[in-house]
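Novice: Sequence first, predicted coordinates after that:
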Amino acid sequence: MVTDEYLDRVGEALVNGARLAEKAGFDGVDIKCCHRYLNSELLSAYERPGKYGGSLQNRTRLLREGVKGAIENCSKDFIVSSRLNVYDGFPYPYGFGVGRDGTLDFDPSEPIWLIKELYEYGVRLLNITMGNPYFNPHVNRPFMRGGYEPPEHPLYGVSRVLNGTAKIKEAVPDMALICSAVSYLGVSAPNVLAGFIEDGKFDLAGFGRTIFAYPDFANDIVKTGEMDKRKICLCCSKCTEIMRTPGGTPGCVIRDKEVYLPIYQQQCGGKQK
Ligand SMILES: Cc1cc2nc3c(=O)[nH]c(=O)nc-3n(C[C@H](O)[C@H](O)[C@H](O)COP(=O)(O)O)c2cc1C
Ligand code: SF4
């Protein structure tokens, strides 16, 4: 287990990193708090003793102090944001954003408290995400084909993230929110997401795997109002398989196969796991 002193130093490093990023000319930083990484693991440290565990204040301390310190130490135009897991998808006492009754139902009350705090500190933009790509990728990146049979239809996973983001927007309307987990929508994505945005349910749509498969998709939507069905992500999970191997550089094995098929074959033996 990492010590509180170690986490104190991580907090200082987050603030220092933001200062250096601004000095280097970046417009902003994303203090990542999702997908199994340290900040997001602490969100569910219900049983950890000391100042980084137990109460909601303590479990969110590293993120809150990192964000607050970054805002205080950078200029007012510098963007301090976070990619934030609002739901882990495994039960209490291990998951964040789930009910205390042991079910997997999304409970937004703690995430909403945290987001209101971040707003008070001056944060105005967040990316909302869910799930752990190493443990329950069907929650984080709903797939057609992957290492296991998902326990729910992939559209259920997409809907959990989109409607979960909308629930947060309802509670903190002045925070600009970017949704996640939209690639499974395929050619329907532009219309579905435009509908959510038009209804004020979130502000921006964040694409993940589509960026690998179809890097020009946004340009096509702007120019033609559509995505080309021959270029969309097939949600086959091959890029995720590469990501999970030591030293693997992920990319689209289907649409960019000259580059990534050899990497896939070398890293994963060419077989779907
Ligand atoms: C191969 C691969 C690598 C990823 N790497 C990162 C990463 O470094 N940081 C991050 O925040 N998300 C990462 N993601 C997650 C995506 O940003 C996104 O949340 C996820 O794929 C769901 O969105 P989608 O349905 O549009 O793909 C990665 C996803 C994939 C498939
Ligand atoms: S390998 Fe390509 S098609 Fe398959 S999930 Fe990744 S981006 Fe999508």
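Specialist: Perfect, thanks for sending it. Ligands and ions are numbered 1, 2, ... in the order given.
Novice: Do you know the pLDDT at the residue in the stretch 101-250 of the chain that ligand 1 sits nearest to?
Specialist: Minimum separation of the stretch 101-250 of the chain from ligand 1 (C-beta to the nearest ligand atom) falls at residue 208, amounting to 2.7 Å. Glycine gets a C-beta too; all of them are placed from N, C-alpha and C. pLDDT, residue 208: 98.
Novice: can you check residue 72 too?
Specialist: pLDDT at residue 72 comes out at 98.
Novice: For it, grab phi and psi.
Specialist: Phi and psi for residue 72, reported as degrees, to the nearest 10, are phi -70, psi -30.
Novice: Show me the contact partners of the lengthiest helix in the chain.
Specialist: Ranked by residue count under DSSP state H, the longest helix found in the chain is helix 4-23. Outside helix 4-23, the residues that touch it by C-beta atoms under 8 Å, 6 or more residues apart in numbering are 28-29, 31, 38, 42, 50-52, 61-62, 65-67, 69-70, 73-75, 78, 80.
Novice: just the buried members of those residues?
Specialist: Buried by 16 or more other C-beta atoms under 10 Å: 29, 31, 42, 52, 61-62, 65-67, 69-70, 74, 78, 80, out of the contacts of helix 4-23.
Novice: Now for the residues you listed: which two are most distant?
Specialist: 52 and 78 (26.1 Å; C-beta to C-beta).
Novice: Do the next helix-or-strand element following the longest helix of the chain and ligand 1 come into contact?
Specialist: Remark: after helix 4-23, the chain's next helix or strand is strand 28-30, criterion DSSP states H and E. No: applying C-beta under 6 Å from any ligand atom, one finds strand 28-30 out of contact with ligand 1, separated by at least 7.9 Å.
Novice: Run the chain-centre distance for strand 28-30.
Specialist: Averaging C-alpha positions (C-alpha atoms, centre = their mean, to the nearest Å) puts strand 28-30 14 Å from its chain's average.
Novice: Show me what counts as buried in the longest helix of the chain.
Specialist: 7, 10, 11, 14, 15, 18, 21, 22.
Novice: what's near enough to touch the residue of the stretch 101-250 of the chain closest to ligand 1?
Specialist: 141, 180, 181, 182, 183.
Novice: residues from this protein in reach of ligand 2?
Specialist: Residues of the chain lying near ligand 2 by C-beta under 6 Å from any ligand atom: 209, 212-213, 233-239, 252-255.
Novice: residue contacts, residue 54?
Specialist: By C-beta under 8 Å, 6+ apart, the contact set of residue 54 is 45, 46, 47, 48.
Novice: And the strand ranked longest in the chain, what does it pack against?
Specialist: The single longest strand within the chain, with elements called by DSSP state E, is strand 79-87. Counting contacts by 3 or more C-beta pairs under 8 Å, 6 or more residues apart in numbering; DSSP states H and E, strand 79-87 packs against strand 28-30, helix 38-43, helix 61-73, helix 109-121, strand 125-130, helix 154-171.
Novice: Give me the buried subset of the residues of the chain next to ligand 2.
Specialist: 209, 212-213, 233-239, 252-255.
Novice: between these, which is closest to residue 154?
Specialist: residue 235 (7.0 Å).
Novice: so where does the closest one fall, helix or strand?
Specialist: Judged by DSSP H and E, residue 235 forms part of no helix or strand.
Novice: wait, it sits on residue 184?
Specialist: Yes: assessed by C-beta atoms under 8 Å, residue 235 is found in contact with residue 184 at 5.2 Å.
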